[in-house]
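Undergrad: mind looking at a prediction? Sequence and model below.
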2 protein chains.
Amino acid sequence: MQAKAVGLTQGLPVSDPNSLQDVTINVNQPRGRDILVAVLATAVNPIDTKQRQGQSPVTTPRILGFDAVAKVLAVGEAVTTIMTDDVVYYAGAVDRPGSDAQYQLVDERLVACAPKTWSPAQSAGLPLTTLTAWEALFEKLPFTAAADANLGQSVLIINGAGGVGSMAIQLAKWAGLQVITTTGKPETTEWVKRLGADIVLDYHQDLGSQLAAAGLQAVDHAILLHSTDQYLPLVTPLVRPLGTIVAVVTNQHPLPMALLKPKSLNFAWEFMFTKANYQLPSMATQGSILAQVAQLADAGVIVPTTKRTLAGINAANLRTAHTIVETGQMLGKIVLTAPFDA
Amino acid sequence: MQAKAVGLTQGLPVSDPNSLQDVTINVNQPRGRDILVAVLATAVNPIDTKQRQGQSPVTTPRILGFDAVAKVLAVGEAVTTIMTDDVVYYAGAVDRPGSDAQYQLVDERLVACAPKTWSPAQSAGLPLTTLTAWEALFEKLPFTAAADANLGQSVLIINGAGGVGSMAIQLAKWAGLQVITTTGKPETTEWVKRLGADIVLDYHQDLGSQLAAAGLQAVDHAILLHSTDQYLPLVTPLVRPLGTIVAVVTNQHPLPMALLKPKSLNFAWEFMFTKANYQLPSMATQGSILAQVAQLADAGVIVPTTKRTLAGINAANLRTAHTIVETGQMLGKIVLTAPFDA
């Protein structure tokens, strides 16, 4: 079948109208464990802008878009967990056509039913950031994924106001952790406090002395959601011996890892697409994480992080969203909602 | 009380007779959780030579020596696990006078009774390497410390013939792992095979193609016991997604950590002295690890790695041992045995 979509054929600055173009694509019927969906809303993440910028020239337009809420139109013969007419949400995979399209094929293992009480625009802000935050906290760090299961333990989240940070704070609070985070201005400080942060440090000032002033010598573990190059040396002195520093942003230069050795610290990469890219058996954990998060959303334990919605999925709106995300200053998430009015 | 010892007052090349000198020191009676021991044998590790080389000038001689087997002469009032006349073994701590001495004070939490069926020279080769190998396998890597508990899983050990490698191979085999290791010449290959290595790669040749020739695409996890700078980029392509690379040798240059990101790999430092240096509650795990290892030794599950013994603990013999260890080519361990004939 044919579908409207927003695609690109080369890496261009977002100010160029050709950087993202309205196109028409073909979408096959689902086979195996794939489901065919109609996209209702899609969020833009930093990985969208990076993949767009780095796209080498292609003849068939590439369709980006990872986060989505969508209605299931048909399922492959091996699908067991999802049914037609379900409204699902997912972050998808980087090696397949994305959610900046009217219709899309997705592997059922990456998918769960969306929160029942949230709008598509609200739920579309969740998958990629939530999976990253959840895997960082409960797979890369040794915290337990259950309500109040980690009382007495602490986590430092660098850049708490962004997409991943906004979910990491909420999940960490749900799990009973003491949450220390960093912000740079009053409105982001207010936002992270609303999400549950216990201690907010100003990233313009020395982190260690602010932590000490708040009565803490060190934190158990840390999650870096901004420049790994800049923050690894700053955070290493703040983490307790045997602790782990999780990073999500690729370093630009080799890293001074010897700093971590006296305390036998660990360094862990959290890259949400690893499980799908390598077709690991554990890729089904992403569907199950999203199912748990939908329950937390419907129970009111977590609140939406979508901060801005653009009505209409088309190249012009998507270029606007990419422009905003590229500033790196976005609070929470930006979402585009159907219809496709290309 | 007074004790004979081998000390140093500044960092000198081992060829200099003043690099390690026969001295007399004072040793106090034990208080708190300390025990007072008479040293029967002491092994030399790479950290001895590095600490000697880097010693800044001091007036009171510093006593090195970590690994030891010793007889307990007296215990502090808070000691609960060790009794007078026990023969114990331990790796001690870097911030206290060491085991290159007739008498020494050690914290009971770092100590266990030595294997009953092994000589002091055999047991003295165990503690530091065994603790490093055990913590790497069963604390830094997610393997289970029990007989055959990890069947179907694999570990790559870079430099299997050295001190830590010789213990890591044996402990990994005991735990049911498939062990892949690297060597550079026939006698080290023979040695690691005797210890239980399943697949031995020649480190002069490409590791990936040798692994493939042995029928393996990748390993679950890896332990680097030689140049982290050199081996991190070589080993990264060989480790399965979500795996962990443990390193014990301080890097000389910043490391290209971005290589590890696509597979969401983890990097972990194993530095045996962290627990004692920071007086962590977990320092008592070192005594308990050594107690378990003594049982494995007495049961014949592991064999001694001591490959050379020098009779007499004195400056001349210790300089000889440091000279050999500094080559980095030592197979297994070198040990000095009492009496102190300074």
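TA: Right, received. Where do you want to start?

Undergrad: which strand is the longest one in chain A?
TA: strand A:34-44 (DSSP state E).

Undergrad: run a quick neighbour tally on residue A:193.
TA: 16 (other Cβ atoms under 10 Å in any protein chain shown). All C-beta atoms are positioned from the backbone trio N, CA, C, and that covers glycine.

Undergrad: not counting its neighbours along the chain, what's nearest it?
TA: Leaving aside its sequence neighbours, residue A:193 sits nearest to residue A:200 (Cβ to Cβ, 6 or more residues apart in numbering or on different chains; 6.4 Å).

Undergrad: ok so that neighbour is a helix residue?
TA: No: assigned with DSSP: H, G, I helix; E, B strand; the rest coil, residue A:200 falls outside any helix and is strand.

Undergrad: shouldn't it be in contact with residue A:183?
TA: Yes: using Cβ atoms under 8 Å, residue A:200 makes contact with residue A:183 at a distance of 5.7 Å.

Undergrad: mutual contacts of those two, please.
TA: Common contacts of residue A:200 and residue A:183 (Cβ atoms under 8 Å, 6 or more residues apart in numbering or on different chains): A:160, A:189, A:192.

Undergrad: my guess is residue A:267 meets residue B:267, correct?
TA: Yes: applying Cβ under 8 Å as the test, residue A:267 and residue B:267 come out as touching, 4.5 Å apart.

Undergrad: now list whatever residues contact both of the two.
TA: By Cβ under 8 Å, 6+ apart, the residues touching both residue A:267 and residue B:267 are A:257, B:257.

Undergrad: could you report the pLDDT at residue A:342?
TA: pLDDT recorded at residue A:342 is 64.

Undergrad: show me which residues of the stretch 1-150 of chain A sit near chain B.
TA: residue A:140 (Cβ under 8 Å from any Cβ of the partner chain).

Undergrad: how about 10 Å then?
TA: Residues of the stretch 1-150 of chain A found near chain B (Cβ under 10 Å from any Cβ of the partner chain) are A:135, A:139, A:140.

Undergrad: am I right that the last one is in contact with residue B:264?
TA: Right, the one you point to is residue A:140. Yes: with contacts counted by Cβ atoms under 10 Å, residue A:140 reaches residue B:264, the gap being 8.0 Å.

Undergrad: could you tell me which residues touch both of those two?
TA: Common neighbours of residue A:140 and residue B:264 are listed as A:246, A:248, A:268, A:269, A:270, B:242 (criterion: Cβ atoms under 10 Å, 6 or more residues apart in numbering or on different chains).

Undergrad: just the ones of these in strands?
TA: Reading strands off those with DSSP E, I get A:246, A:268, A:269.

Undergrad: check contacts around residue A:312.
TA: A:318, A:336, A:337, A:338, A:339, A:340, A:341, A:342.

Undergrad: filter the residues you listed down to the buried ones, ChimeraX style.
TA: Those of the contacts of residue A:312 that count as buried under 16 or more other Cβ atoms under 10 Å in any protein chain shown are selected in ChimeraX with:
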select /A:318,336,337,338,340,342
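
Undergrad: tabulate the contacts of residue A:312 (JSON lines), appending distance to chain B and secondary structure.
TA: As requested, these are exported to JSON lines (distance: Cβ to the nearest Cβ, whole Å; DSSP: H, G, I helix; E, B strand; the rest coil):
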{"residue": "A:318", "distance to chain B": "26", "secondary structure": "helix"}
{"residue": "A:336", "distance to chain B": "28", "secondary structure": "strand"}
{"residue": "A:337", "distance to chain B": "31", "secondary structure": "strand"}
{"residue": "A:338", "distance to chain B": "32", "secondary structure": "strand"}
{"residue": "A:339", "distance to chain B": "36", "secondary structure": "strand"}
{"residue": "A:340", "distance to chain B": "32", "secondary structure": "strand"}
{"residue": "A:341", "distance to chain B": "36", "secondary structure": "coil"}
{"residue": "A:342", "distance to chain B": "33", "secondary structure": "coil"}
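
Undergrad: which one of the contacts of residue A:312 is nearest to residue B:217?
TA: residue A:318 (39.0 Å; Cβ to Cβ).

Undergrad: relative to residue A:243, how far out is the closest residue to chain B within the stretch 151-300 of chain A?
TA: Per Cβ to the nearest Cβ, the residue of the stretch 151-300 of chain A with the smallest distance to chain B is residue A:254, at 3.4 Å. For residue A:254, the distance to residue A:243 equals 22 Å [Cβ to Cβ, to the nearest Å].

Undergrad: what's the most distant pair in the shared contacts of residue A:140 and residue B:264?
TA: Going by Cβ to Cβ, the pair spanning the shared contacts of residue A:140 and residue B:264 furthest: A:248 and B:242, at 14.9 Å.

Undergrad: higher neighbour count, the two?
TA: residue A:248 (26 against 22).

Undergrad: residue contacts, the nearest residue to residue A:192 once chain neighbours are set aside?
TA: For residue A:192, ignoring the flanking residues on the chain, the nearest one in space by Cβ to Cβ, 6+ apart is residue A:160 at 4.3 Å. For residue A:160, the contacting residues are A:166, A:168-169, A:172, A:179-183, A:188-189, A:191-193, A:195-197, A:200-201, A:203, A:223, A:225-226, by Cβ under 10 Å, 6+ apart.

Undergrad: number of nearby residues for the residue nearest to residue A:323 when sequence neighbours are not counted?
TA: Nearest residue to residue A:323 in three dimensions, chain neighbours excluded: residue A:14, at 5.1 Å (Cβ to Cβ, 6+ apart). Here the number of neighbours of residue A:14 (other Cβ under 10 Å) works out to 19.

Undergrad: swap in residue A:80?
TA: 8.

Undergrad: so it versus residue A:293, what's the distance?
TA: Residue A:80 is 21 Å from residue A:293, by Cβ to Cβ.

Undergrad: I'd say residue A:174 and residue A:196 touch.
TA: Yes: counting by Cβ under 10 Å, residue A:174 touches residue A:196, with 8.3 Å between them.

Undergrad: more crowded one of these two?
TA: Neighbour count, other Cβ under 10 Å: between residue A:174 and residue A:196, residue A:174 has more, with 21 against 18.

Undergrad: closest point of the stretch 1-150 of chain A to chain B, which residue?
TA: Closest point on the stretch 1-150 of chain A to chain B, by Cβ to the nearest Cβ, is residue A:140, at 7.2 Å.

Undergrad: pLDDT below threshold where in chain A?
TA: Residues of chain A that meet the criterion pLDDT under 70 lie in A:342.

Undergrad: tell me, what residue is most central in it?
TA: For chain A, the residue nearest the mean C-alpha position is residue A:129 (2.0 Å; Cα atoms, centre = their mean).

Undergrad: in contact with residue A:15, which residues?
TA: Residue A:15 touches A:319, A:323, counting by Cβ under 10 Å, 6+ apart.

Undergrad: looks to me like it is in a helix.
TA: No: counting by three-state DSSP, residue A:15 falls outside a helix, being coil.

Undergrad: and the helix ranked longest in chain A with chain B, contact?
TA: Secondary structure of chain A per DSSP state H: the longest helix is helix A:284-298. No: Helix A:284-298 stays clear of chain B (Cβ under 10 Å from any Cβ), getting no nearer than 10.8 Å.

Undergrad: go through that helix and flag the buried ones.
TA: A:284, A:285, A:286, A:287, A:289, A:290, A:292, A:293, A:294, A:296, A:297.
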